[in-house]
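In: I need the structure of the sequence given here:
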Amino acid sequence: MSRSDRPRMAGIRSTADPRWDTAAKNTQATSGVALPNNRRGYAGADHAWPSPECRGQAGWPAVQWGAGDSASRAAIRRRHPPARQAAVSHTSNCLSIGLVEFMAWYDLFSNFYDYTVELVYRRYRPGVVDALGLEAGQFVLDLACGTGPNQPHLVEAVQGCGHVFGVDFSDGMLKRARKNAEREGWSNVHLLQLDARDLTLANLEAACGEQVELSGVVVTLGLSVIPDWEAVFKTTFDLLAPGGRYVIFDVHAERWVPQTWLVEKVAQADPTRESFKALEQCCEDFSFAYLPGSPHVHGGRPFLASGCKPGGIEQ
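Out: Coordinates of the predicted model:
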């Protein structure tokens, strides 16, 4: 069967589609990276999801096959090298389409997040919050809070006299988080929509009307998604009070498996990032552990990393 005779799958464009050439030119113009001549998918397939420019619709996950990588995706899949090579174009691609456009996908994603991704990760959240070591009356930041699945556990930890701050840039995610908080009557949950690189203690104090000394920061499945994650990590770590604890729960892909591709495209995540190493370099009492969970389910290995900001009072 010739390529032209093959049936097209619904919602997928053939590389023979002339709109792909337009998309390639647009992508090259915005990112400065030329697409390879074959313009194929992971396995050298004859079909690939087009970028938002090709669709003509903002907010869909951007796919930039093989940009900046001399090896084709077909070769990557055959060799199964470290996953970093398989995801080489992801970060630059997210940055090139802009944070607003990137979050537009998460606004759409919010409609089914709780019924898909959260079903897989729900069981981890109590242990993640326990790692913060929170006490009643303390202040905690839930970075990239999404639809708010950490909120029940955080509210229980700080109780009614403490405060929980949820920060996300997706309006769709925050709408669901806000709806959940209102339904439960959590008046001490404060949700802020802003770029986390610009987050300050003044933002948190304005939200709760009190002076804030941040005892904990938790980020679950966030640093693998946020395009400028290193800047966000530095900003939020700096907000911690001395002795405050920073906890990261995420997925780390040491090798590429088929589920890694799904995580990259649906969650727009880069599971090859080693955010735990950034935490290790600037904290005390660092701990790291891989948690139970198959890469064939998560796209990588779930992990939990935590550490305290130096300068706290020794117990």
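
In: what pairs with L192 across the strands?
Out: Following DSSP bridges, L192 is listed with bridge partners V167.

In: surely it meets V167?
Out: Yes. Contact criterion CB atoms under 8 Å: L192 and V167 qualify, at 5.1 Å. For every residue, glycine as well, the C-beta is placed using N, CA and C.

In: Overlap in contacts, those two.
Out: Here L192 and V167 have L199 as joint contacts, going by CB atoms under 8 Å, 6 or more residues apart in numbering.

In: So for these two, which sits in the more crowded spot?
Out: V167 (26 against 18; other CB atoms under 10 Å).

In: Tell me who's in contact with the more buried one.
Out: Taking CB under 8 Å, 6+ apart as the criterion, V167 is in contact with L141, D142, L143, A144, C145, L191, L192, Q193, L194, A196, L199.

In: Return the residues in contact with the closest residue to L221 other than its chain neighbours.
Out: Leaving aside its sequence neighbours, L221 sits nearest to D250 (CB to CB, 6 or more residues apart in numbering; 5.7 Å). Shown in contact with D250 (CB under 8 Å, 6+ apart): V219, T220, L221, G222, L223, S224, P271, R273, S275, F276, P302, F303.

In: Ok, R125 next?
Out: P149, N150, H153, T220.

In: residue ranges for the strands of the stretch 151-300 of the chain, please.
Out: Listed in chain order, the strands of the stretch 151-300 of the chain (DSSP state E, counting those that start in this stretch) span 163-168, 189-193, 214-220, 240-252, 284-290.

In: And those strands: which comes nearest L132?
Out: Among the strands of the stretch 151-300 of the chain, strand 214-220 comes nearest to L132, with 4.2 Å by CB to CB.

In: What helices and strands are in contact with the closest one?
Out: helix 125-130, strand 139-143, helix 229-239, strand 240-252 (3 or more CB pairs under 8 Å, 6 or more residues apart in numbering; DSSP states H and E).

In: How much space separates the spatially closest residue to G137 that is not a sequence neighbour from A253?
Out: Excluding its sequence neighbours, the residue lying closest to G137 (CB to CB, 6+ apart) is C161, at 4.4 Å. To A253, C161 is 40 Å away according to CB to CB, to the nearest Å.

In: So which of these two has more stuff around it?
Out: Neighbour count, other CB under 10 Å: between C161 and A253, A253 has more, with 26 against 9.

In: Touching, that one and H296? I think so.
Out: No. Judged on CB under 8 Å, A253 makes no contact with H296 at a distance of 11.3 Å.

In: I would like a PyMOL command selecting only the buried ones among the contacts of V167, please.
Out: Only the buried entries of those go into this PyMOL selection, using 16 or more other CB atoms under 10 Å:
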select buried, resi 141+142+143+144+145+191+192+196+199
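
In: least confident pick among the contacts of V167?
Out: On pLDDT alone, L194 ranks lowest of these, at 92.

In: Please give me every residue in contact with that residue.
Out: L194 neighbours (CB under 8 Å, 6+ apart): V167, F169, N203.

In: For Y106, state which of those residues is nearest.
Out: F169 (7.9 Å).

In: Determine the number of other residues adjacent to the closest one.
Out: 20.

In: Any figure for the gap between it and H252?
Out: From F169 to H252 the distance is 23 Å (CB to CB).

In: again with L204
Out: Taking CB to CB, one finds L204 at 29 Å from H252.

In: per-residue confidence for Y106?
Out: pLDDT, read off for Y106, is 87.

In: can you list the domain ranges for the chain.
Out: Using automatic domain parsing, the domain parsing of the chain gives 3-97, 113-308.
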